[in-house]
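Chemist: the following block contains a protein sequence and its predicted model.
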Amino acid sequence: MRIPTEPIGSIPRPSGLIAAITSPTDGVDLKGLYDKAISDTLVEFEKTGSPVITDGEQSKSSFVTYPLEGLSNLTAEGLKINFEDGHFRQLPLLTSGPFKYGNYAVKYLAAAQKQTSIPIKQAIISASALSLIYPQNGIDGYSQAEFIEDLVNECEKDIRQCLAHGAYKVQMDFTEGRLSLKLDPSGGVLNYFIDLNNRIFDRFTSEEQQKLGVHVCPGGDHDSTHSADIDYADFLPLLFDLNVGSFYLQLASEPDRIKVLKTIKQYLKPHQSAFIGVIDVLNPLIETKEQVRDRVLEAAAYLPINQLGTTDDCGFSPFCDDVSTSRETAFAKIKARVEGTELAGDELFSENLNAVIN
């Protein structure tokens, strides 16, 4: 019995590339460093045996800001996202309209596809995350409603281009979902985010929606999180109202996995698949394939096997300057996920076969 397994997206960049990005100097061939990092990432990904891979987001500034690269109508004074260890990330603010992406994810997909025959999934950022760049005081001559319409159109375009270019899956990163309950415990912001993202998903057919997925986690940056203290059970019921086929759910690092699995079981719809996190990307210890197997078997006790998949809790390096995890550790963890998932599938197949025989 084959249980599907997929990565989330980002892989730590090589140290030389990080140095060139964070401390640029004259004469450095940044494009050459990007190209080499992508090529090396694809080679190492293939060695893990992963049936689906990514480019590791090696040339993205971050998982959230890539559409904003090259835009001139932004200022740096946006929302601060605080992490448990005291550091923060800050979004930019839009200064004028109309809003258009400066960069689309299909660029990364196309470059990776030229170098491998293995299916590539492509991560994109959510409309809900980008909605936060509109200033609270508004923009003269460019209303929030006009911005949201432009944003929805651009996010749809980002997805459609990837589907048209043969992406195995298009995964929307929605890490602000759980965070929204920290910013607004009433759930009003979360409901708004769900409705906004569904405005995009509802533009796709039911068949296309099966190639779309959503990833959620409590953040993962420099081995720290921004919303792990928010109860998953308060977040998951609304999450499964998103009109996509796949959900990539942080779970390995969750203190009460059984409670979460019971909640997933209650709200997962028949046409949806739950890819549960079996790798804790914030823990430097590399999981064994047996540990992964046991986590899969634990999930299979609660979730229908035909709706079960595995993934990593989060990307390993969603921001380009994150050096908290080495590339070697990331690929070793991915290999453990692939091999452990296969072990669990073999065991579940044997159990089902014995049940049929007996």
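Modeler: Done, it's in.

Chemist: and stretch 289-309, what's buried?
Modeler: 289, 291-296, 298-300, 302-303, 307-309 (16 or more other Cβ atoms under 10 Å). C-beta here means a position set from N, CA and C on the backbone, and glycine is covered the same way.

Chemist: tell me the average confidence for it?
Modeler: Average pLDDT, stretch 289-309: 98.

Chemist: now do stretch 232-243
Modeler: 96.

Chemist: next one: stretch 24-44
Modeler: If you average the pLDDT values across stretch 24-44, you get 89.

Chemist: which of the buried residues of stretch 289-309 fall within strands?
Modeler: Among the buried residues of stretch 289-309, the members falling in strands are Leu308, Gly309 (criterion: DSSP state E).

Chemist: how many residues are close by Asp313?
Modeler: Here the count is done by other Cβ atoms under 10 Å, and Asp313 has 27 residues near it.

Chemist: and it, how far is that from Glu254?
Modeler: 8 Å (Cβ to Cβ, to the nearest Å).

Chemist: and Leu236, by the same measure?
Modeler: From Leu236 to Glu254 the distance is 11 Å (Cβ to Cβ).

Chemist: residues contacting the longest strand anywhere in the chain, please?
Modeler: Across the chain, the strand with the greatest residue count (assigned by DSSP E) is strand 273-279. If you take Cβ atoms under 8 Å, 6 or more residues apart in numbering as the criterion, strand 273-279 is touched by 4-6, 213, 217, 245-253, 261, 264, 268, 287, 292, 295-296, 299, 303, 307-314, 333-334, 336-337, 340-341.

Chemist: equivalent analysis for stretch 28-42, please.
Modeler: 11, 13-14, 16-17, 20-21, 24, 53, 55-56, 58-59, 111-112, 115-116.

Chemist: from the residues you listed, keep the buried residues only.
Modeler: 11, 13-14, 17, 20-21, 53, 55-56, 58-59, 111-112, 115.

Chemist: of all the buried residues of stretch 289-309, which comes closest to Phe147?
Modeler: Set against Phe147, the nearest of the buried residues of stretch 289-309 by Cβ to Cβ is Gly309 (35.3 Å).

Chemist: for the closest one, give the beta-bridge partners.
Modeler: Phe275 (DSSP bridges).

Chemist: hang on, it packs against Pro51?
Modeler: No. Under the criterion of Cβ atoms under 8 Å, Gly309 makes no contact with Pro51, lying 10.9 Å away.

Chemist: which neighbours do the two share?
Modeler: Pro4, Thr5, Glu6.

Chemist: follow-up on the earlier one: and the longest strand of the chain, how far out from the chain's middle?
Modeler: Its chain's C-alpha centre and that of strand 273-279 lie 12 Å apart, by Cα atoms, centre = their mean, to the nearest Å.

Chemist: same question, stretch 328-345
Modeler: Its chain's C-alpha centre and that of stretch 328-345 lie 18 Å apart, by Cα atoms, centre = their mean.

Chemist: and it, what's buried?
Modeler: Within stretch 328-345, the residues that qualify as buried are 329-331, 333-345, counting by 16+ other Cβ under 10 Å.

Chemist: likewise stretch 150-159?
Modeler: So, applying 16+ other Cβ under 10 Å, buried residues of stretch 150-159: Asp150, Leu151, Val152, Asn153, Glu154, Cys155, Glu156, Asp158, Ile159.

Chemist: one more: stretch 16-33?
Modeler: Neighbour-count burial for stretch 16-33 [16+ other Cβ under 10 Å]: Leu17, Ile18, Ala19, Ala20, Ile21, Leu33.

Chemist: okay, the residues you listed in TSV with distance to Pro185 and secondary structure next?
Modeler: Shown next, in TSV, are the buried residues of stretch 16-33 (distance: Cβ to Cβ, whole Å; DSSP: H, G, I helix; E, B strand; the rest coil):
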residue	distance to Pro185	secondary structure
Leu17	40	helix
Ile18	37	helix
Ala19	41	helix
Ala20	42	helix
Ile21	37	helix
Leu33	44	helix
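
Chemist: of those residues, which is the nearest to Asp85?
Modeler: Using Cβ to Cβ, the buried residues of stretch 16-33 come closest to Asp85 at Ile18, 19.0 Å.

Chemist: and the closest one, what does it touch?
Modeler: Residues in contact with Ile18, defined by Cβ under 8 Å, 6+ apart, are Cys320, Asp321, Val323.

Chemist: what's the ChimeraX line that selects buried ones from the shared contacts of Gly309 and Pro51?
Modeler: Restricted to buried positions by 16+ other Cβ under 10 Å, the ChimeraX selection for the shared contacts of Gly309 and Pro51 reads:
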select :5,6
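
Chemist: make a markdown table from the shared contacts of Gly309 and Pro51 and add distance to Gly97 and secondary structure to it.
Modeler: Below are those laid out as a markdown table (distance: Cβ to Cβ, whole Å; three-state DSSP):
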| residue | distance to Gly97 | secondary structure |
| --- | --- | --- |
| Pro4 | 41 | coil |
| Thr5 | 42 | strand |
| Glu6 | 36 | coil |
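
Chemist: show me where the chain has its helices.
Modeler: Under the criterion DSSP state H, the chain contains helices at 15-22, 30-47, 106-113, 127-130, 144-164, 176-183, 188-201, 206-209, 232-239, 257-267, 289-300, 327-357.
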